[in-house]
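In: sequence and predicted structure are below.
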Amino acid sequence: MASCGGISPDRVTIAIPARLASTRLPGKMLMQVNGRPLIEYTWRRACASQLAGRVVIATDDEAIAEAARRFGAHVEMTAADCASGTDRIYELVRSGRLDADIIVNVQGDEPEIDPSVIDMAVLGLAGDDSADITTPVVAIESLDEYRSPGAVKVAATADGRALYFSRAAIPFVREGLDLIDRGGLSGIWRHIGLYSCRREALVKWASAAPSLLEGFERLEQLRALELGLKIKVVKVARAPEGIDTLDDFRAFQMRQRGKGTRQGST
């Protein structure tokens with residue numbers, strides 16, 4: 001792979017944190033679709049990135065590790081008590097098992113993540129020396145989504161620097177939601193939970209104690225903001241369909257129906 005924007009792919013690693021004990025859908029990483037575990041779909045999408053030279057699955061579960069090794073993934077074992085995917089990746093960095101200038105955190109339950117979104121997040125760092133972290137956002141398309149605490153909203157500056165992330169409806173529309181009904185939702189963004197981090201930023205973020213705002217919102221990226229790290233948002237056309245519930249999984253199964261087990265199918 002050739003370098004792009006001053007970033008050499010051999011210094012970019014995608015890390016996929018994966019655990020079996022999901023609260024809403026236990027065991028989802030190993031649930032089968034067309035004969036493949038869910039985590040394999042995410043891994044294949046990550047491997048299609050043009051700007052990352054390495055993809056590693058970070059897990060504390062031997063069953064996930066065994067399945068991942070069978071489909072050819074590089075696996076690193078982590079402690080079972082990691083509080084988040086970021087903490088799981090930080091363990092690999094701290095122990096010297098992950099040595100990269102840029103580390104991309106791709107959640108294991110994103111089997112339809114677009115590889116180009118990963119690359120856009122990496123390029124966001126290449127194009128802005130002041131950025132510590134980049135993360136994608138997508139336009140909110142409905143009032144229900146705007147109101148939902150499950151959709152994390154982000155307020156950002158005109159040049160793309162994140163000001164705040166919230167489960168609340170931000171920015172608050174003072175004139176009322178009827179104005180949004182008339183004028184659309186242009187300029188209101190939803191966060192996609194993928195992060196491209198400079199190594200030193202990830203270390204500063206993950207080694208710090210959980211912050212006050214993070215505790216209120218249960219959003220770990222607020223810790224990074226409170227530490228003074230600059231998070232740059234990258235606007236993308238569509239969000240992947242993550243797998244949080246059994247209904248999500250069944251919908252993914254339906255989308256995959258007919259694709260069989262062709263090499264590279266996702």
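Out: Yep, that arrived.
In: can you give me the offset of the helix or strand where residue 204 lies from its chain's centre?
Out: Here residue 204 sits within helix 199-207, counting by DSSP states H and E. Here helix 199-207 is found 16 Å from its chain centre; the criterion is CA atoms, centre = their mean, to the nearest Å.
In: what packs against that helix?
Out: Under the contact definition 3 or more CB pairs under 8 Å, 6 or more residues apart in numbering; DSSP states H and E, helix 199-207 sits against helix 85-94, strand 102-105, strand 133-139, helix 221-226. Just so you know, the C-beta spots here come from the backbone N, C-alpha and C atoms, and that holds for glycine as well.
In: pull the residues that contact the following helix or strand past it.
Out: Using DSSP H and E, the helix or strand that follows helix 199-207 in sequence is helix 212-217. For helix 212-217, the surrounding residues in contact (CB atoms under 8 Å, 6 or more residues apart in numbering) are 165, 166, 167, 219, 220, 222, 223, 225, 226.
In: could you dump helix 212-217 to CSV, C-alpha only?
Out: C-alpha atoms of helix 212-217 as CSV (Å, rounded to 0.1, in the frame of the first residue of the first chain):
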residue,chain,number,x,y,z
LEU,A,212,-18.1,14.1,35.1
LEU,A,213,-19.9,14.7,31.8
GLU,A,214,-19.0,11.2,30.6
GLY,A,215,-20.7,9.8,33.7
PHE,A,216,-23.9,11.9,33.1
GLU,A,217,-24.3,10.9,29.5
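In: buried ones in that helix?
Out: The neighbour-count check on helix 212-217 (16 or more other CB atoms under 10 Å) flags 213, 214, 217 as buried.
In: okay if I get those residues as JSON lines plus pLDDT?
Out: JSON lines is the format used below for the buried residues of helix 212-217 (pLDDT from 0 to 100):
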{"residue": "213", "pLDDT": "97"}
{"residue": "214", "pLDDT": "96"}
{"residue": "217", "pLDDT": "96"}
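In: you'd agree residue 238 is up against residue 138?
Out: Yes: using CB atoms under 8 Å, residue 238 is in contact with residue 138, at 6.2 Å.
In: higher neighbour count, the two?
Out: residue 138 (17 against 12; other CB atoms under 10 Å).
In: so what's the more buried one closest to, chain neighbours aside?
Out: Leaving aside its chain neighbours, residue 138 sits nearest to residue 239 (4.4 Å; criterion: CB to CB, 6 or more residues apart in numbering).
In: just say which of the helices and strands packed on helix 199-207 is most tucked in.
Out: strand 102-105 (a mean of 25; mean count of other CB atoms under 10 Å).
In: residues contacting the closest residue in space to residue 37 that isn't next to it in sequence?
Out: Spatially, and ignoring its direct neighbours in sequence, residue 37 is nearest to residue 30 (4.7 Å; CB to CB, 6+ apart). By CB under 8 Å, 6+ apart, the residues touching residue 30 are 20, 37, 38, 39, 63, 64, 67.
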